[in-house]
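Enquirer: Sharing a model that was predicted from the sequence below.
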Amino acid sequence: MDTTTDPRAQYLRALDQLEKLVARITPEMLERPTPCPAYDLRALLGHTVGGVHQLAYLGEGGRWVDVAGATGPIADGDWADALVRARERMVRAWADDALLAAPVHGPGAVMPGRDALDAWVMETVTHTWDLTRAVDPTGVLDEELGRAALATAHRVMPDAPRGGPVPFGPVRPAPADADPTTELATWLGRKA
């Protein structure tokens, strides 16, 4: 596998980081607020695990608009296992190297599978930052993943206009000492 043009390895690395964090979440934490005002921790977990299923569905030949971006009910103590099951589905769905160049029906456009995977790296790294702020605000995230996701965000997300079909708030300033993942979060409208 050529990881310079094959984002599957990077996506799995992003899921590794996410899984370590989700394994630390207890049922008592699930109502904590997150940097996403519409989501408490439970709802953001549902959105994030649902996103892994969406990516799997694309790899299986489905269209992004045909599957919900959130999970159904998951027991409070089952989030880590739900993420593992979603990951297993995604790995099976994207096993064929030909999918990297094949067109998939992603968010708002038909794109090569490789581009969809890049977008999901960005999504997963961003939501890992969000979840980290709710679980362990001092947690340190993988800087290489943060840089890669930030580069994708700069490439695919305009700094303006935001809102409407662009589901992110205005770019916010990042602190001078911000790590790459915090820079990503502020580019996508989060307050650091």
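Expert: Sure thing, it's come through.

Enquirer: Would you check that residue 143 makes contact with residue 178?
Expert: No. Residue 143 is beyond contact range of residue 178, at 10.9 Å (criterion: Cβ atoms under 8 Å). Backbone N, C-alpha and C define where each C-beta goes, glycine included.

Enquirer: which one of these two has more residues nearby?
Expert: When residue 143 and residue 178 are compared for neighbours, residue 178 comes out ahead with 15 against 11, by other Cβ atoms under 10 Å.

Enquirer: element containing the more buried one?
Expert: Using DSSP states H and E, no element contains residue 178; it sits outside every helix and strand.

Enquirer: Mind checking what helix or strand follows the host helix or strand of residue 130 in sequence?
Expert: In this structure, residue 130 sits in helix 113-135 according to DSSP H and E. Counting by DSSP H and E, the element after helix 113-135 in chain order, helix or strand, is helix 143-156.

Enquirer: How far off centre is that next one?
Expert: Put simply, helix 143-156 sits 12 Å off its chain's centre (Cα atoms, centre = their mean, to the nearest Å).

Enquirer: Just the mean pLDDT for whichever helix or strand comes after it, thanks.
Expert: Next in sequence after helix 143-156, counting helices and strands by DSSP H and E, comes helix 180-187. The average pLDDT for helix 180-187 rounds to 97.

Enquirer: so helix 180-187 versus helix 143-156, what angle?
Expert: 30 degrees (axes from the mean of the first three to the mean of the last three Cα atoms, to 10 degrees).

Enquirer: now helix 180-187 against helix 113-135, angle please.
Expert: 100 degrees.

Enquirer: CA atoms of helix 180-187 as PDB?
Expert: Backbone C-alpha positions of helix 180-187 (Å, rounded to 0.1, in the frame of the first residue of the first chain) are rendered in PDB as follows:
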ATOM      1  CA  PRO A 180      -2.300  21.600  14.200                       C
ATOM      2  CA  THR A 181      -5.500  20.000  15.400                       C
ATOM      3  CA  THR A 182      -6.500  23.100  17.300                       C
ATOM      4  CA  GLU A 183      -5.800  25.100  14.100                       C
ATOM      5  CA  LEU A 184      -8.000  22.700  12.200                       C
ATOM      6  CA  ALA A 185     -10.800  23.100  14.800                       C
ATOM      7  CA  THR A 186     -10.600  26.900  14.600                       C
ATOM      8  CA  TRP A 187     -10.500  26.800  10.700                       C
END
